[in-house]
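Novice: have a look at this fold, sequence not included:
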């Protein structure tokens, strides 16, 4: 019989879910919001709709993947004296993470670097609403932001990064292309399975993670093919997975993804999924009873089949599954492993994964 250590649950984000629920914005009473989004969002006609909700608003639409500290400081400098009364982040994880940092910096002194690596803490922020247009990152319901500092992605947590509201409107995901649908869906799957097996997991997160995993397995393939019902379900599954890992944090797949994205430009969802089949196999003997329960719940015969199913999801979307396909050289593997081991979240992996273990996993997928 398993006994859980003491734990606490805290996620204050109000989640509004449903097709068309973006209209909730007009009920919030904001007078002068700053909308932060990527260039793709501006092409969807969404900004024009949001403009109709407010008498006045500012728009910053130059968000880049894996936002740099320099970009965030630039946004804050541009809008610090514009009497912005709220921040609305719309888009993928990069837009949402940027909105978190900007909402804090508009009410605090200094650069994002002071908070990311300098030890400063946010004590207040502007009102914050996050609206995902992909089904994967879960950033809308976490207190985590990931920012590029000196060429390397670095995560940070802050109680000020919990949004006041997350609006999960699946209709905003209908225009996602196949590759983005697949990569963000794989990101959600990784969040769910890491939220399930993390050393910091507990019954609350395990239940959420299992629900999300089942929804993703049942809907991701059809979602990739453009089915709207499947995309609705994937949007919800991604948010559920986000709530799960908001309590546990992530583990080795995310730790290893940081150098893969930073040095080789591999999209985040693909970077986490590349190692996941091997991590499933590596983790299994360390938490066999727990993983057997997961397999039964998903109606999967064995862990090898689970690993194969994850890889097949990538193949369906024409996503290469070998590191060499992304420009990684064999002699780079030890450097990647070293940097991966420096991420604190890798310590949450069951089985106390080592540098040599990471090297071995990377060699198997080279």
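Specialist: That came through, no problem. Since we're looking at a predicted model, the values are computed, not measured.

Novice: can you give me the strands for this structure?
Specialist: Listed in chain order, the strands of the chain (DSSP state E) span 14-17, 33-37, 58-60, 86-91, 128-132, 144-149, 152-157, 165-168.

Novice: quick one: closest of those to residue 204.
Specialist: Closest to residue 204 of those, according to Cβ to Cβ: strand 14-17, at 15.4 Å. Glycine gets a C-beta too; all of them are placed from N, C-alpha and C.

Novice: name every strand pairing with that closest one and say which way it goes.
Specialist: strand 165-168 (parallel) (DSSP bridges).

Novice: returning to what we had before: adding mean neighbour count, distance to residue 286 and mean pLDDT, write the strands of the chain out as TSV.
Specialist: Formatted as TSV, the strands of the chain follow (neighbours: other Cβ atoms under 10 Å; distance: least, Cβ to Cβ, whole Å; pLDDT from 0 to 100):
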stretch	mean neighbour count	distance to residue 286	mean pLDDT
strand 14-17	16	33	99
strand 33-37	27	40	98
strand 58-60	18	45	98
strand 86-91	28	37	98
strand 128-132	28	33	99
strand 144-149	22	25	98
strand 152-157	17	24	95
strand 165-168	23	33	99
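
Novice: quick check, central residue of the protein?
Specialist: Nearest to the geometric centre of the chain sits residue 137, at 2.7 Å (Cα atoms, centre = their mean).

Novice: state the pLDDT value of that one.
Specialist: Per-residue confidence (pLDDT) for residue 137: 96.

Novice: let me see the contact set for it.
Specialist: Neighbouring residues of residue 137 by Cβ atoms under 8 Å, 6 or more residues apart in numbering: 92-93, 96, 184, 187-188, 238, 242, 268.

Novice: restricted to helices, list the residues you listed.
Specialist: Among the contacts of residue 137, the members falling in helices (DSSP state H) are 93, 96, 184, 187-188, 238, 242, 268.

Novice: how many residues are close by the closest residue to residue 251 other than its chain neighbours?
Specialist: Counting by Cβ to Cβ, 6 or more residues apart in numbering, residue 251 lies nearest to residue 349, which is 4.1 Å off, once chain neighbours are set aside. The number of residues packed near residue 349 is 24, by other Cβ atoms under 10 Å.

Novice: with residue 4 instead?
Specialist: Residue 4, neighbours per other Cβ under 10 Å, totals 9.

Novice: quick one: contacts for it?
Specialist: 202-203.

Novice: what packs against the lowest-mean-pLDDT helix or strand in the chain?
Specialist: None of the helices or strands of the chain scores lower by mean pLDDT, DSSP states H and E than helix 39-42, at a mean of 89. In terms of contacts (3 or more Cβ pairs under 8 Å, 6 or more residues apart in numbering; DSSP states H and E), helix 39-42 is packed against strand 86-91.

Novice: ok, now with 6 Å
Specialist: Using 3 or more Cβ pairs under 6 Å, 6 or more residues apart in numbering; DSSP states H and E, no helix or strand is in contact with helix 39-42.

Novice: residues contacting it, please?
Specialist: With contacts defined as Cβ atoms under 6 Å, 6 or more residues apart in numbering, helix 39-42 is touched by 61, 90-91.

Novice: got it, and stretch 20-35?
Specialist: Applying Cβ under 6 Å, 6+ apart, the external contacts of stretch 20-35 come out as 16, 53, 56-59, 79, 83-88, 167, 169.

Novice: please identify which pair of the residues you listed lies farthest apart.
Specialist: Within the contacts of stretch 20-35 (distances taken as Cβ to Cβ), the two that end up farthest apart are 83 and 169, at 28.0 Å.

Novice: show me the protein divided up by domain.
Specialist: Domain segmentation of the chain under automatic domain parsing yields 14-172, 178-364.

Novice: right, and those - which one's nearest residue 5?
Specialist: It's domain 178-364; of those, that one is closest to residue 5 (Cβ to Cβ) at 8.2 Å.

Novice: how far does that closest one stretch from one end to the other?
Specialist: Taking Cα to Cα, to the nearest Å, domain 178-364 runs 27 Å from one end to the other.

Novice: for it, the distance to its chain's centre please.
Specialist: Distance, stretch centre to chain centre, for domain 178-364: 11 Å (Cα atoms, centre = their mean, to the nearest Å).

Novice: for stretch 160-172, same thing?
Specialist: 13 Å.

Novice: stretch 72-88 too?
Specialist: Relative to the centre of its chain, stretch 72-88 is centred 24 Å away, using Cα atoms, centre = their mean.

Novice: flag every buried residue along that stretch.
Specialist: Neighbour-count burial for stretch 72-88 flags 72-73, 75-76, 79, 84-88 (criterion: 16 or more other Cβ atoms under 10 Å).

Novice: then stretch 250-259?
Specialist: 250-259.

Novice: ditto for stretch 131-144
Specialist: Quick answer for stretch 131-144 (16+ other Cβ under 10 Å): 131-144.

Novice: returning to what we had before: make JSON lines from the strands of the chain and add distance to residue 231 to it.
Specialist: Shown next, in JSON lines, are those (distance: least, Cβ to Cβ, whole Å):
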{"stretch": "strand 14-17", "distance to residue 231": "13"}
{"stretch": "strand 33-37", "distance to residue 231": "20"}
{"stretch": "strand 58-60", "distance to residue 231": "26"}
{"stretch": "strand 86-91", "distance to residue 231": "16"}
{"stretch": "strand 128-132", "distance to residue 231": "12"}
{"stretch": "strand 144-149", "distance to residue 231": "24"}
{"stretch": "strand 152-157", "distance to residue 231": "27"}
{"stretch": "strand 165-168", "distance to residue 231": "12"}
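
Novice: and of these, who's closest to residue 203?
Specialist: Of all the strands of the chain, strand 14-17 comes closest under Cβ to Cβ, at 20.3 Å.
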